[in-house]
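Student: Can you look at this prediction? I've put the sequence above it.
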Amino acid sequence: MKTINKIFVLIAILVFVSGCKKIDEKVSKQVSDDREKLIELIKEKYGNLGRGEVYPVNKDADLFYLNPTGDSIKIVKQPGQIYTEGCGLDCTTASDIGELELTWNLVAINRIFDCGNTANSQLIAHWRLSVPYSLSFTNPLPPYQNANAAFRITNSSNVILYSSSTITLTSANMEALGPDPNCTGNYLYYLSYSMTGVDDSYFANGNKVLARMTLYNDCNLAYYNTNTGWTQGAVFSGSTATAGYPCARIDKLWVASSSLTGTNAQALGSYTFCGSFSPGFVATTKNQIQYRARTHATSYNWNDQISLERIPYVNGSFSSTGEISPYGTDLADFIGVYNGSPDEYISGYGWLVRYRNVYTGCGNSRPWVDGDYVTEFWLY
């Protein structure tokens with residue numbers, strides 16, 4: 001009888017182990033499938049990708065519009081008549097475009113080394129807009145131009161070294177984020193656009209990149225158009241110094257909001273899409289990530305929030321450090337960061353994701369200090 005009991009126990013253990021193995025295999029396959037899906041989604045959004053660096057900007061652009069005679073008119077902020085700073089006013093209730101709350105924020109500039117070509121880079125501009133009107137990519141008035149954008153690189157004396165050709169903008173460049181929780185009647189939009197084939201010689205120490213864009217809308221107060229003029233973005237520190245030490249730079253992490261993934265927001269490592277690096281580049285060992293709900297009504301600063309600091313799951317399991325491989329073999333999952341989440345920390349102000357490089361000598365045990373990480377904002 002004891003022998004029979006031992007056999008039953010052994011069978012039960014084997015069944016349990018087999019079941020755990022199948023569960024592990026199922027989880028592993030699901031993570032792999034999710035990773036491959038996310039790679040395709042990010043490729044569709046950003047195009048051919050390589051290794052990237054992030055230059056945070058967070059600068060509100062001066063705004064202009066062209067009148068019927070072609071004169072460029074600066075939009076001068078005027079006190080709103082209904083809500084503070086114009087929130088609640090739209091193009092039918094305001095008497096002047098300056099009464100509206102219009103925020104066009106240049107969030108960051110990315111420099112991406114093109115796959116397979118270490119002599120050229122790609123520039124990506126990231127904008128966050130808050131506006132009380134509908135955006136359009138075609139001028140409703142003659143001569144019916146398309147929405148467009150461009151880059152410019154200058155030296156420290158503001159001498160123009162490089163000017164891109166005009167970039168045509170379409171709906172593929174924009175992601176609608178929904179109502180602006182900070183401004184009644186306004187809607188949030190995220191726009192990005194890129195330019196490839198920029199020679200690496202333009203990224204010398206002290207050189208600056210500027211970006212601009214023109215979009216159209218349904219607002220007659222500004223003759224259906226708004227443009228940013230040239231807005232200064234990154235000031236380069238020099239590729240040799242930056243490449244030489246991974247903890248002196250921040251490598252771009254590929255974060256996708258829930259509107260792109262259809263589930264929780266997710267992220268992949270910096271070198272997911274190709275292995276080519278510029279000469280002298282020293283790769284980081286890991287990317288490290290944290291996220292939290294944005295609770296402050298007007299600030300996007302990480303330290304201004306009072307919500308719980310969280311660590312994403314990695315490959316379907318809890319992670320104590322939030323570290324992922326920079327080579328795209330790990331999938332970070334931001335639990336609770338999706339549209340309609342019942343999460344107790346949801347405030348309606350969206351989410352902040354911050355990340356940095358981890359390398360020998362600057363591991364995850366060091367404090368998160370301003371300047372050694374990048375913070376990205378996602379409504380969901």
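Tutor: Structure's in. What do you need? Residues are numbered from 1 along each chain as shown.
Student: where along the stretch 151-300 of the chain do the strands fall?
Tutor: Using DSSP state E, counting those that start in this stretch, the strands found in the stretch 151-300 of the chain span residues 160-163, 167-168, 174-179, 187-199, 208-217, 225-227, 231-235, 254-256, 265-268, 286-293.
Student: what does the first one rub up against?
Tutor: So the one you mean is strand 160-163. Ala150, Phe151, Arg152, Ile153, Thr154, Asn155, Val198, Asp199, Tyr202, Asn207 (CB atoms under 8 Å, 6 or more residues apart in numbering). In short, each C-beta sits where N, CA and C put it, glycine included.
Student: which residues of the stretch 1-150 of the chain score low on pLDDT?
Tutor: Residue ranges of the stretch 1-150 of the chain with pLDDT under 70: 1-31, 46-48, 79-86, 114-119.
Student: need the helices for it, in chain order.
Tutor: In the stretch 1-150 of the chain, helices defined by DSSP state H, counting those that start in this stretch lie at 2-46, listed in chain order.
Student: about what we covered before: of the contacts of strand 160-163, which pair is most distant in space?
Tutor: Among the contacts of strand 160-163, the pair separated by the greatest distance (CB to CB) is Ala150 and Asn155, at 18.1 Å.
Student: more neighbours, these two?
Tutor: The residue with more neighbours, out of Ala150 and Asn155, is Ala150; 18 against 14, by other CB atoms under 10 Å.
Student: Chain neighbours aside, what residue packs nearest to Val255?
Tutor: In space, Val255 comes closest to Ala267 once its chain neighbours are excluded; the distance is 4.5 Å by CB to CB, 6 or more residues apart in numbering.
Student: Sorry, wrong one. I was asking about Asn146.
Tutor: Counting by CB to CB, 6+ apart, Asn146 lies nearest to Thr168, which is 5.0 Å off, once chain neighbours are set aside.
Student: could the strands of the stretch 151-300 of the chain go into JSON lines alongside mean pLDDT and distance to Tyr65?
Tutor: Listed next are the strands of the stretch 151-300 of the chain as JSON lines, based on pLDDT from 0 to 100; distance: least, CB to CB, whole Å:
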{"stretch": "strand 160-163", "mean pLDDT": "94", "distance to Tyr65": "22"}
{"stretch": "strand 167-168", "mean pLDDT": "96", "distance to Tyr65": "20"}
{"stretch": "strand 174-179", "mean pLDDT": "86", "distance to Tyr65": "19"}
{"stretch": "strand 187-199", "mean pLDDT": "90", "distance to Tyr65": "18"}
{"stretch": "strand 208-217", "mean pLDDT": "96", "distance to Tyr65": "9"}
{"stretch": "strand 225-227", "mean pLDDT": "96", "distance to Tyr65": "5"}
{"stretch": "strand 231-235", "mean pLDDT": "88", "distance to Tyr65": "16"}
{"stretch": "strand 254-256", "mean pLDDT": "88", "distance to Tyr65": "33"}
{"stretch": "strand 265-268", "mean pLDDT": "92", "distance to Tyr65": "35"}
{"stretch": "strand 286-293", "mean pLDDT": "94", "distance to Tyr65": "36"}
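Student: Quick check: which of the ones you listed has the most neighbours on average?
Tutor: Using mean count of other CB atoms under 10 Å, the stretch among these with the largest mean neighbour count is strand 265-268, at a mean of 25.
Student: re earlier: beta-bridge partners for the residue nearest to Asn146, please?
Tutor: For Thr168, the beta-bridge partners are Asn148 (DSSP bridges).
Student: try Tyr193
Tutor: Under the criterion used (DSSP bridges), Tyr193 bridges to Ala125.
Student: got it, and the one 5 residues further on?
Tutor: Applying DSSP bridges to Val198 gives these bridge partners: Ser121.
Student: likewise Tyr313?
Tutor: When bridges are called by DSSP bridges, Tyr313 pairs up with Asp333.
Student: Per-residue pLDDT of it, please?
Tutor: What the model reports for Tyr313 is a pLDDT of 96.
Student: Include distance to Ala332 when you put the strands of the stretch 151-300 of the chain into a markdown table, please.
Tutor: Converted to a markdown table, the strands of the stretch 151-300 of the chain look like this (distance: least, CB to CB, whole Å):
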| stretch | distance to Ala332 |
| --- | --- |
| strand 160-163 | 35 |
| strand 167-168 | 30 |
| strand 174-179 | 20 |
| strand 187-199 | 20 |
| strand 208-217 | 28 |
| strand 225-227 | 36 |
| strand 231-235 | 26 |
| strand 254-256 | 8 |
| strand 265-268 | 4 |
| strand 286-293 | 6 |
